[in-house]
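[1] how does the following fold in three dimensions:
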Amino acid sequence: MEKKENRSEDGQIHEDLVKRLTANMPDETGLYDLAELFKVFGDSTRIRIMYVLFEDEVCVCDIAATLNMTQSAISHQLRILKQNRLIKGRRDGKSIYYSLADEHVRSIIAMGREHLEEDD
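    As a prediction, the model looks like this:
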């Protein structure tokens, strides 16, 4: 397979542009971490859970009842969301109440919806 080169129609590489683009590119670890974060948003159950948490701080049993799912299934998804710092938990006695980690989570989803709803 032939490697594509960064050349304009006249075949000239734009060195200044390439340098600027390279300088602004995050390192591979940063790009990998970002890709992993967006994978978390690739599951509709996790999105549904986050929508529940938009409304209030909620325990597992109430999330399960709202989404008509088992507590075990919800707990599994909550673990993934928590590992990715999208939600946080607060213990109150034997119960843990979950909420969005911060406003960034709400913004990410709102921006995604806004993008999908745009007219071309």
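[2] list the buried ones in the longest helix anywhere in the chain?
    Using DSSP state H to define each element, the chain has its longest helix at helix 103-117. For helix 103-117, the neighbour count (16 or more other Cβ atoms under 10 Å) marks Val105, Ile109 as buried. C-beta coordinates here come from the backbone N, C-alpha and C atoms, glycine included.
[3] helices of the chain, residue ranges please.
    Going by DSSP H, the chain shows helices at 15-24, 28-40, 44-55, 60-67, 71-83, 103-117.
[4] just the mean pLDDT for the fifth one, thanks.
    It refers to helix 71-83. Average pLDDT, helix 71-83: 97.
[5] go on, the fourth one?
    Per-residue confidence for helix 60-67 averages out to 97 on the pLDDT scale.
[6] about what we covered before: for the helices of the chain, which one sits closest to Gly93?
    Checking the helices of the chain against Gly93 by Cβ to Cβ gives helix 60-67 as the closest, at 13.5 Å.
[7] chain center to that closest one: distance?
    21 Å (Cα atoms, centre = their mean, to the nearest Å).
[8] ok, now stretch 69-85?
    The answer for stretch 69-85 is 14 Å, by Cα atoms, centre = their mean.
[9] okay, buried residues for that stretch please.
    Applying 16+ other Cβ under 10 Å to stretch 69-85 flags Ile74, Gln77, Leu78, Ile80, Leu81, Asn84 as buried.
[10] please name the nearest non-neighbouring residue to Leu34.
    Using Cβ to Cβ, 6 or more residues apart in numbering and skipping residues adjacent in sequence, the residue nearest Leu34 is Pro26, 7.4 Å away.
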